[in-house]
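Visitor: Sequence plus the predicted model coming up.
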Amino acid sequence: MIYALSYLAFPLFGWSLAKRIEDRAARIGFAFLAGALLLTIEATLFTIVGIRWSVWALAIPLIAASLLPVEDRRPRLSGQAWRLSSTGIVAIAIAHFFFSNLTAQSVSPDFVLFWGPKAARFALSHSLDPHFLLSRYPPPRVDYPPLVPIVEAWGALVAKDFPWITAASMSAIWLLAAVPVIRWLTQSWEATAFWTAAMCASQVFSGGGGNAEAMLIAYLSVGAAAIVANRTTIAAIAFAGATLTKEEAFITIAAILIGVAIRNIKQALILGAASVMSACVWFAYQWRFGLPIGYSRFNTQHHFFWSNLPTIFSEAPKSLAAGCWGLAWLIPLAILVTRSREQLKDVMPLLVPIPLLFGFFVFLYLQYESALAMRMWWILPRISQPPMSLLILAAAFASSDRMRAP
Amino acid sequence: MVNAKRLWLIGAIAVLVAGPAVRWTRPIKPPASPTENDQPQLAAYWHFLADARRVVPKGASYTIKAPTPDDETQLFMLSQGLFGDLDPHPATYNWQPTGDGANAKVVLVYGSAECPADAPLMRPVKGGAVCLR
């Protein structure tokens, strides 16, 4: 229980970055996401300069920053009435993901194999323990950025224990935090309810409890929606969070920025700079302690097995079912095909990355030497979540009559 | 617009029906490990390590013996979270033998209650034994 309550600190930590959001619920949701990002940056910098983590040492600077006077837009309740049907769907979907984890039906093996061990060790050593990462027997994925283990370690520092199942169950809270922000940006409770139902079903289907996917989806979705809603600062902070969550974020963000650059090169440069600066915090840590700088997973072989193509196309539909017979793809597609060209033009930054990302997946799968079908079944349900979210958000904006003026 | 709103809601309900309503068929009971109902092999490793953790003294050096290199690799990965305050000397790391296992004082034997000849002191635990050199 104490572990779960520790997450209440995140909105306090990120409040300074959310003060400009006028919608109260969206402000709290975004402050949660921003708070986790600020905690990650601070905890990484602490280890770089040799300051030992403690609850108060980490909390006090972030809370003090939240108290600084920043242009504060008066919070107001959502302009759109809270709709019982939509909020009920959101509540059921989040509860489904939460209880699937709590009953150990959807917890990721990655959580017990490396995310959790990293978090437990970081909490034990009160640092982003370089000795562990550089040890003779390091955990898998040493190059992964630190947001997930730092956030999970924060709870362990507060609770003075690492309750594994509770920690994995907290993945649902990330989607819950994103809900009011997505609603505020899309101005549609109904589309937000669909997004939540689809994301939670996909997380349960792919076993997302305790790993990085829920955080990644929360950050990328908020960032992508903020681009279309012309909230560049919100998008930049969200992309910074995504970059420190998982290295795959770079691919998705790059694909989104191609779509953005077609329309607004300056906005694309700002968002790209935010992502790179965020990653540089992690690279600085790697450089400081002599770890290989960068992401080893991007070292692709560039040897293509064209005989993989039939397997790729025959296996993909099973992995794209997303725990809901593919409805998470089909319904937004049905909405998009009924929209006018003008409406689709506005959501191009969300649509352009989708074929690019699928092209990248094919590029990767063509390089697999063995066990392609099994590895697709394991990986594709998770890595297809960002394009699925982009498709839903594109349909949400395209079907909304409240597109924001620049 | 009204049609789109209705479509979103109907779609969301359909996703809920296809997700929770169809998937949630198992009885809900408190799990003993994080992967209890989804990854039984990992859950079995977890039960063994969690039970062994109670009898291994803090700071001790340990190694893991299991029927296959895959078992030993995954058991070692899991142990890095559960045995964070111990000194690891895995016999197998990333599916490769290390030759370091002989330097450990505690031998965690998974899948058998038989200790190695050089570690005769034994305490049975769930799924195996803890042996002392």
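Guide: Nice, thanks for sending it over.
Visitor: Identify the residue nearest the spatially most central residue of chain B in space, chain neighbours excluded?
Guide: For chain B, residue B:46 is the residue whose C-alpha lies nearest the centre (C-alpha atoms, centre = their mean; 3.1 Å). Once flanking residues are discounted, residue B:46 sits nearest to residue B:33: 3.8 Å by C-beta to C-beta, 6 or more residues apart in numbering or on different chains. The C-beta positions use only the backbone N, C-alpha and C, and glycine is treated the same way.
Visitor: again, but for residue A:223
Guide: residue A:238 (3.4 Å).
Visitor: helices or strands up against the host helix or strand of that neighbour?
Guide: Per DSSP states H and E, residue A:238 falls inside helix A:232-243. Helices and strands touching helix A:232-243, by 3 or more C-beta pairs under 8 Å, 6 or more residues apart in numbering or on different chains; DSSP states H and E, are helix A:24-49, helix A:213-228, helix A:248-263, helix A:265-288.
Visitor: one more time with 10 Å
Guide: helix A:15-18, helix A:24-49, helix A:147-159, helix A:171-186, helix A:213-228, helix A:248-263, helix A:265-288 (3 or more C-beta pairs under 10 Å, 6 or more residues apart in numbering or on different chains; DSSP states H and E).
Visitor: Which SSE is immediately downstream of the third one?
Guide: This means helix A:147-159. Helix A:147-159 is succeeded, C-terminally, by helix A:164-169 (DSSP H and E).
Visitor: again with the fourth one
Guide: Toward the C-terminus, helix A:171-186 is succeeded by helix A:189-206 as the next helix or strand (DSSP H and E).
Visitor: what does the second one give?
Guide: Past helix A:24-49, further along toward the C-terminus, the next helix or strand under DSSP H and E is helix A:55-67.
Visitor: Show me what counts as buried in that following helix.
Guide: A:58-59, A:62-63, A:65-66 (16 or more other C-beta atoms under 10 Å in any protein chain shown).
Visitor: hang on, residue A:322 is in a strand, isn't it?
Guide: No. Counting by DSSP: H, G, I helix; E, B strand; the rest coil, residue A:322 falls outside a strand, being coil.
Visitor: What is the neighbour count of it?
Guide: Applying other C-beta atoms under 10 Å in any protein chain shown, we find 25 other residues in the vicinity of residue A:322.
Visitor: Could you do residue A:353 as well?
Guide: 28.
Visitor: which residues touch it?
Guide: A:220, A:224, A:251-260, A:360, A:386-387, A:390-391, A:394 (C-beta atoms under 10 Å, 6 or more residues apart in numbering or on different chains).
Visitor: Likewise for residue A:65?
Guide: A:13-17, A:38, A:42.
Visitor: Neighbour-wise, which one of the residues you listed leads?
Guide: residue A:14 (29 neighbours).
Visitor: Residue A:66 is in contact with that one, correct?
Guide: Yes. If you go by C-beta atoms under 10 Å, residue A:14 and residue A:66 touch, sitting 7.6 Å apart.
Visitor: Wait, the residue nearest to residue A:223 touches residue A:229, no?
Guide: No. Residue A:238 lies out of contact with residue A:229 (C-beta under 10 Å); the separation is 11.7 Å.
Visitor: ok, back up a step: okay, the helices and strands packed on helix A:232-243, which one's buried deepest?
Guide: helix A:213-228 (a mean of 28; mean count of other C-beta atoms under 10 Å in any protein chain shown).
Visitor: can you state the direction angle for that one and helix A:189-206?
Guide: With axes from the mean of the first three to the mean of the last three C-alpha atoms, to 10 degrees applied, the angle from helix A:213-228 to helix A:189-206 works out at 150 degrees.
Visitor: can you pull the pLDDT of residue A:301?
Guide: With respect to pLDDT, residue A:301 scores 66.
Visitor: what does the one 4 residues further on give?
Guide: Each residue has a pLDDT score; the one for residue A:305 is 86.
Visitor: Over to residue A:207?
Guide: So residue A:207 comes in at 88 (pLDDT).
Visitor: What is the neighbour count of it?
Guide: Neighbours of residue A:207 (other C-beta under 10 Å): 25.
Visitor: Overlap in contacts, residue A:14 and residue A:66.
Guide: With C-beta under 10 Å, 6+ apart, residue A:14 and residue A:66 have common neighbours A:31, A:34-35, A:38.
Visitor: Can you name the two of those that sit furthest apart?
Guide: Within the shared contacts of residue A:14 and residue A:66, two members stand farthest from each other by C-beta to C-beta: A:31 and A:38, at 9.9 Å.
Visitor: Identify the contacts common to the two.
Guide: The contact lists of residue A:31 and residue A:38 share A:10, A:13-17, A:66, where a contact means C-beta under 10 Å, 6+ apart.
Visitor: Give me the neighbour count for residue A:87.
Guide: Residue A:87, neighbours per other C-beta under 10 Å, totals 16.
Visitor: Run a quick check on it versus residue B:9, I expect a contact.
Guide: No. Here residue A:87 does not reach residue B:9: they are 11.7 Å apart, not a contact under C-beta under 10 Å.
Visitor: Overlap in contacts, these two.
Guide: Common neighbours of residue A:87 and residue B:9 (C-beta under 10 Å, 6+ apart) are A:189, A:193.
Visitor: What ranges in the chain fall below the confidence cut-off?
Guide: I'll assume chain A. Along chain A, the parts satisfying pLDDT under 70 run over A:70-82, A:297-301, A:401-406.
Visitor: nope, chain B
Guide: For chain B, the ranges with pLDDT under 70 are B:1-2, B:20-29.
Visitor: Strands of that one, start to end?
Guide: B:61-65, B:87-88, B:92-93, B:96-97, B:106-110, B:121-125, B:128-132 (DSSP state E).
Visitor: Can you add mean neighbour count and distance to chain A and give these back as JSON lines?
Guide: JSON lines is the format used below for the strands of chain B (neighbours: other C-beta atoms under 10 Å in any protein chain shown; distance: least, C-beta to the nearest C-beta, whole Å):
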{"stretch": "strand B:61-65", "mean neighbour count": "24", "distance to chain A": "11"}
{"stretch": "strand B:87-88", "mean neighbour count": "16", "distance to chain A": "6"}
{"stretch": "strand B:92-93", "mean neighbour count": "22", "distance to chain A": "5"}
{"stretch": "strand B:96-97", "mean neighbour count": "11", "distance to chain A": "11"}
{"stretch": "strand B:106-110", "mean neighbour count": "24", "distance to chain A": "15"}
{"stretch": "strand B:121-125", "mean neighbour count": "15", "distance to chain A": "18"}
{"stretch": "strand B:128-132", "mean neighbour count": "22", "distance to chain A": "18"}
